[in-house]
Each structure stands twice: as C-alpha cells, then as structure tokens.
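Enquirer: I would like the atomic coordinates for the input below:
(one chain, ligands or ions: 1)
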Amino acid sequence: MPPASIESRALGAYLGLALGDALGATVEFMMPREIQAEYGVHSQIRGGGWLHLKPGQVTDDTTMALALGQALLSAGALDATAMAEAFSDWLRAKPVDVGHTVRRGIVHYRNTGHTQMPYSDNDAGNGACMRVLPVALATLEADTAFVRHACQVQAHITHHHALSDAACETVSLMVQASLRGLNDINTLLGMAQKLVALHPEFNFRRRRSDNPSGYIVHTLQTVFQGLFDTESFEQCLIEVVNRGGDADTTGAIAGMIAGAFYGLEGIPGAWLKKLDPRIRAEIERQTPALLMLNLQSAELYPASQDTD
Ligand SMILES: [Mg+2]
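Expert: Have a look, this model is predicted:
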C-alpha cells in the first residue's frame, strides 16, 4: 500500500474518533464478560447501549470535538471564548450525553465568563482529551510548546489537571507525528513511554486494563494496550471497546490515534457506511479547513483582541 497522505491520515483520525465513539457507545459501562455474553466479540456498528443509539450515531466525544473544530474555524485563531461559547451552545442543544466535569465547566463559564477552571484534583477525567483532535489538526506545523499551550486552552475550559493536560498533549503529538507520515509504531510507543516517564501513573504494562473508568489514566492505559498490541485500525478499536467501561471514549481516543497512523485506507468500509452521514459530512468539511488554519504562535491571541 502506498504511504497515506496527510489528508488521508487526518480524515482517518477524525473519522476514527467518530467510529470509535459509535462502536464503543454500544458497550459503554458494560463489563468485558457481559459484552462477551451478549455479542461474543463486539465488532459491528450497531447502536443501542445505555443511550439507545441508532446504528452509527455518535455521542458527546464526537459532537464536542466538532463544536471545538467549528470554534477554531470560525475564530480563525486560538480563541478560548469562542471555544467556551461553542461548548455552551453545544450543551444548550441537549446532547445525548454530557460528562459531569464538562457540564460543571460550561456552567462555570456561563456564570463567570472565565474560560479556565481553577486547578482541581478532581478534574483528571478524560473529557478534555476525547475532544482534542481539532487542536492537533490546526497546530500540525506549530512547535511543541504551542501545541501544549493550545491543548491547555481548550482543556481548561472544563478540565484543569496535570494528568489531563499531559494526556491531551501526548495524544495530540502522537496524532501529529502520524500525520507527518510515520510508519513505525515504535515511534508512538516511545511517545507513550515518555508520558509514563513523566507521570508513572500512566504505566500501561503492569496489568490488563479491563473495564476502564473515565479517569484519564485508565483511559490511556486501555488505549495504549489496544494500539500497541494490535496491527490494524480495526483490531485496535475492537480490542479497546471490548474492555467495556468508558468504551465510547477509549474508542474515540484510540480511533483518533489509530486513524491517523493507519490512515483512511485502514478504516473498514462497512463501519464507514454505517456512520451518521451528517457527522461524516461535517468531519469531511472540517478536516481540510483545520489543516489549512495552520495555527502557530503568531495566532496566540484572536484578531478581535488586536489593538491595531
Ligand atoms: Mg460519550
């Protein structure tokens, strides 16, 4: 197979996020043995689950990412207020599911106008990482310090915690390395190991991560096991979601990294055909536009705040 282009890998990442969300939502909050009893191996986009979804319907993981992506595109800059407003509009539209920390952050913004939550030991959920992809696409050419800054601007609207920040940055850098044409999974493994060296909590080789919670550490342990113990996009996502627990979000994060690494060509056609066509169209519209944005440090502040 010829090497996948940046566009193919970026589309793979965004569609991978949506497909991991749609696939995982069916088995969210289930134990692995319950999944096995019901489906054998859960490997089809079939909807259902505790949210009673239609086949191919996505949840907050994907729709928050789309809200963030649209905020970046509309502002043409890294504008925390535009992002917070987009999240507030997203909540007002009554999404199918809303995380506790996400809701609290949006209400905090509505009440105070502040786009950053105070630092909290309780904010180490996976809700900032699950939606980080548009930032990774829009900052592909930026240096690491700016990618880190951009991740934190979007994350801190709802989640302000060092482990969430580290996860957002690592996942973004893994997506970006893949977009640049990476063909060796060991490079991604090295990036995961670097995260573990900085924050040993993330060690993913101690035990099998079954029934992962919404704690970002459990989420990434599951994602990394799935990513590094399989050899295709499809295998990776099946491995991850069949662990149950917060399966829509482990699926979404695994989907964005594996989708970037294996490219659009690695995504099963049968899954893509099932994906909600409005979501697919929105992803196909946003992806090239986010890459074109090419945010770097010059766009640190939105144009509306320029004095000249
Ligand atoms: Mg969800």
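
Enquirer: residue 228 touches residue 192, doesn't it?
Expert: Yes. Counting by CB atoms under 8 Å, residue 228 does reach residue 192; the two are 7.4 Å apart. Placement of C-beta: from N, CA and C, glycine included.

Enquirer: show me what counts as buried in stretch 121-140.
Expert: 123-140 (16 or more other CB atoms under 10 Å).

Enquirer: among those, which are located in helices?
Expert: 133, 134, 135, 136, 137, 138 (DSSP state H).

Enquirer: quick check: residues of the stretch 51-200 of the chain near the ion?
Expert: 59, 60, 61, 97 (CB under 5 Å from the ion).

Enquirer: ok, the residue most central in space within the chain to residue 183 distance?
Expert: The centre of the chain sits closest to residue 130, judged by CA atoms, centre = their mean, with a distance of 3.2 Å. The gap separating residue 130 from residue 183 is 26 Å, by CB to CB, to the nearest Å.

Enquirer: per-residue confidence for the closest residue to residue 263 other than its chain neighbours?
Expert: Spatial nearest neighbour of residue 263, excluding adjacent residues (CB to CB, 6 or more residues apart in numbering): residue 4 at 3.0 Å. At residue 4, the pLDDT value in this model is 73.

Enquirer: relative to residue 102, how far out is residue 4?
Expert: For residue 4 relative to residue 102 (CB to CB), the value is 32 Å.

Enquirer: residue 137: what's it in contact with?
Expert: Residue 137 is in contact with 10, 13, 14, 69, 175, 179, 287, 290, 291, 293, counting by CB atoms under 8 Å, 6 or more residues apart in numbering.

Enquirer: re earlier: so the residue nearest to the centre of the chain makes contact with residue 64?
Expert: Yes. With contact defined as CB under 8 Å, residue 130 counts as touching residue 64 (7.2 Å).

Enquirer: quick one: what helix or strand has the residue in the stretch 201-308 of the chain that the ion sits nearest to in it?
Expert: Using CB to the ion, the single residue of the stretch 201-308 of the chain nearest to the ion is residue 248, 4.0 Å away. Using DSSP states H and E, residue 248 sits within helix 247-262.

Enquirer: from the contact counts, what lies against that helix?
Expert: helix 6-25, helix 60-75, helix 162-179, helix 185-198, helix 216-228, helix 233-241 (3 or more CB pairs under 8 Å, 6 or more residues apart in numbering; DSSP states H and E).

Enquirer: out of these, deepest packed?
Expert: Most buried of the helices and strands packed on helix 247-262 by mean neighbour count (mean count of other CB atoms under 10 Å) is helix 6-25; its value is a mean of 28.

Enquirer: what packs against that helix?
Expert: With 3+ CB pairs under 8 Å, 6+ apart as the test, helix 6-25 has helix 60-75, helix 133-138, helix 162-179, helix 233-241, helix 247-262, helix 269-274, helix 277-293 packed against it.

Enquirer: got these as a markdown table, with mean pLDDT columns?
Expert: Below are those laid out as a markdown table (pLDDT from 0 to 100):
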| stretch | mean pLDDT |
| --- | --- |
| helix 60-75 | 98 |
| helix 133-138 | 98 |
| helix 162-179 | 98 |
| helix 233-241 | 98 |
| helix 247-262 | 98 |
| helix 269-274 | 98 |
| helix 277-293 | 98 |
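
Enquirer: closest to residue 90 out of those helices?
Expert: helix 60-75 (4.2 Å; CB to CB).

Enquirer: which other helices and strands does the closest one contact?
Expert: helix 6-25, helix 80-92, helix 133-138, helix 247-262, helix 277-293.

Enquirer: and the stretch 201-308 of the chain, which residues reach the ion?
Expert: Going by CB under 5 Å from the ion, the residues of the stretch 201-308 of the chain near the ion are residue 248.

Enquirer: burial count for residue 142?
Expert: Look at residue 142: counted by other CB atoms under 10 Å, it has 21 neighbours.

Enquirer: from what I see, it and residue 293 are in contact.
Expert: No. Under the criterion of CB under 8 Å, residue 142 makes no contact with residue 293, lying 10.5 Å away.
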